[in-house]
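Chemist: Prediction below, plus the sequence it came from.
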Amino acid sequence: MGESFSSQVVWKIIELTACENQSAFKPTGVILAGGFARYPILVGVRCVRLVNRLMPPWMIRIALRIYASYARLRHRRAPETLASIDEFIARRTEPDRQAMLHRYGLILTSNAADTARRCNLPVFHLAGFVDPVVPWPFVQPWLRRNCPGYRASRVIFNADHNVLGTAPQKSAQQVLQWISEHERAQL
C-alpha cells in the first residue's frame, strides 16, 4: 500500500520484484491511497513549488492559521484528526519547507507509468472526495485505461487527500474487502 507520494515507492518495489526472480518478497497486489503512477498535473506541481519558494515566512504562518481553522471545522467529528492538527502546524518548519520543495522536484521527475502499464498484479485505488493534492478524477481513468492489473477504485465522500487518516474505518473496511475478494479469487 502506498499513500500519496509513497505510491512511487510502491511502484519501484513492484518494478524491482518483477525483475529480480530471486527476491524473497513477492507482492500480491497494489493499493494506492491517494496515489498515482505519474502525477496527473505537472504544471500544478511547478506552480505550487514556485509559490512555496517565494512565499515569505510570515505569509506561510498566516496560511497555516487559516488552514488550521478550516481543518478544525472540517474534522470536527474526527477526534483523531483534530488531535493532530496542532502537531501538523508545529512541524511546518523551514527544514520541512525545504523537504517539501525537494519533494516537488522528485514528483516532477518520477514516472512509474511504464511499470504500471506492465503491472498484472491487482491494483486498487482509494481516494478522498476532496483531494486537491492528487485529483482522483485524473488518476482513476488513467489507471483504468493503462494498467492491466487495475481492478477497482473507491472514492470516500467525507475524506480528503489523507484518506487513510480522514476516513480510517471506511478505508480499512474497503482495503479488507479488496484483500478478501482477491484471496477468494485465488482459491
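Modeler: Thanks, I have it.
Chemist: From the contact counts, what lies against the helix or strand of the chain with the lowest mean pLDDT?
Modeler: None of the helices or strands of the chain scores lower by mean pLDDT, DSSP states H and E than helix 79-90, at a mean of 83. Applying 3 or more CB pairs under 8 Å, 6 or more residues apart in numbering; DSSP states H and E, we find helix 79-90 packed against helix 57-74, helix 163-166. All C-beta atoms are positioned from the backbone trio N, CA, C, and that covers glycine.
Chemist: what's the most buried one of these?
Modeler: Highest mean neighbour count of those: helix 163-166, a mean of 21 (counted as mean count of other CB atoms under 10 Å).
Chemist: Need the residues that contact that one.
Modeler: With CB atoms under 8 Å, 6 or more residues apart in numbering as the test, helix 163-166 has contacts from 3, 33-34, 75, 78, 80-81, 84, 126-128, 131, 156, 158-160, 171.
Chemist: for stretch 108-118, same thing?
Modeler: Here stretch 108-118 has contacts from 7-8, 11-12, 14-15, 18, 37-39, 42, 45-46, 123, 143, 146-148, using CB under 8 Å, 6+ apart.
Chemist: what's the answer for stretch 54-62, then?
Modeler: Counting by CB under 8 Å, 6+ apart, residues outside stretch 54-62 touching it are 63, 92, 94, 97.
Chemist: Tabulate the CA atom coordinates of it in CSV.
Modeler: In CSV, the C-alpha atoms belonging to stretch 54-62 read as follows (Å, rounded to 0.1, in the frame of the first residue of the first chain):
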residue,chain,number,x,y,z
LEU,A,54,8.6,32.7,-3.0
MET,A,55,6.2,33.0,0.0
PRO,A,56,7.8,34.8,2.9
PRO,A,57,7.7,33.0,6.4
TRP,A,58,5.1,35.4,7.8
MET,A,59,2.7,34.7,5.0
ILE,A,60,3.2,30.9,5.5
ARG,A,61,2.3,31.4,9.2
ILE,A,62,-1.0,33.2,8.2
